[in-house]
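S.K.: I'll drop the sequence and a predicted model, then ask my questions.
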Amino acid sequence: MSRWTELTGEKSGEDYAARFAALARTGEDVHGEARFCAALVPAGARVLDAGCGTGRVMIRLAELGYDCVGVDLDASMLAVARKQAPRLPWLRADLTEFEPARLGVASDFDLVVAAGNIFPLLAPGTEALVAARLSAALRPGGLLVAGFGLDAAHLPVPPGITLPEYDECCAAAGLLLVDRFATWDADPYDGGGYAVSIHRRSENAPSPVVRPAGPR
């Protein structure tokens, strides 16, 4: 079971969406992730929102002209996403088992974004498997962008994966570190408690070998 499921019981979709709607009403910028991604790939690029939740990031990217697919395991979050943007493709799948072809989706995304503390909220021990799944969904040269907390101040659960551990997972999946920032506004990373990392799938790397996680 993922740490997200333990935390929420997969019943928090409406509450999660309401929290961001309230922030937007106060004038808070809630589109930093989408803006960050739009600076990396041109409009029209194929984007996979891995752990898309209620669709906040993906809906904005679709509005900006990107060809988007969202995937999440939490049915309550996907219900909100489908209500807000019924014409966009929302897929229900566990990221540890995600195979685009089996869901009728091509595995040649230009960018995969994993915002919202996706990696720290996975089931412990599945991080390398998920990195391999997401790498396999990328075209050669495609980018994986992940932003997540590293300490108690930036996470709703005790800290899990460290940046060195995350980089090791990515390297094993054929992904090379390109850059790292402290925020979705691209502030330089200074060793703080939140990081946004960009990894690129090697142009000549073979498709990653995806091995199931061990018992957990």
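M.R.: Yep, that arrived.
S.K.: Quick check: the residue nearest the centre of the chain vs Thr54, distance?
M.R.: Closest residue to the average C-alpha location of the chain: Ala114 at 1.2 Å, with CA atoms, centre = their mean. In this view, Ala114 and Thr54 are 15 Å apart by CB to CB, to the nearest Å. Quick note: C-beta positions are derived from backbone N, CA and C, even for glycine.
S.K.: Flag the shaky bits of the protein, pLDDT-wise.
M.R.: 1-25, 27-30, 205-216 (pLDDT under 70).
S.K.: ok, which stretches of it are helices?
M.R.: 3-8, 13-25, 32-38, 56-63, 75-84, 127-136, 163-172 (DSSP state H).
S.K.: Which one of those helices lies nearest to Pro100?
M.R.: helix 127-136 (8.2 Å; CB to CB).
S.K.: Just put the helices of the chain in TSV and tack on mean neighbour count and distance to Arg200.
M.R.: Shown next, in TSV, are the helices of the chain (neighbours: other CB atoms under 10 Å; distance: least, CB to CB, whole Å):
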stretch	mean neighbour count	distance to Arg200
helix 3-8	16	27
helix 13-25	14	29
helix 32-38	21	14
helix 56-63	22	19
helix 75-84	18	28
helix 127-136	24	10
helix 163-172	17	10
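S.K.: out of these, which comes closest to Leu155?
M.R.: helix 3-8 (9.4 Å).
S.K.: residues contacting the nearest residue to Pro100 once chain neighbours are set aside?
M.R.: Spatially, and ignoring its direct neighbours in sequence, Pro100 is nearest to Ser107 (4.6 Å; CB to CB, 6 or more residues apart in numbering). Ser107 makes contact with Pro100, Ala101, Ala136, Ala137, Leu138, according to CB atoms under 8 Å, 6 or more residues apart in numbering.
S.K.: Grab the nearest non-local neighbour of Val178.
M.R.: Ile198 (4.4 Å).
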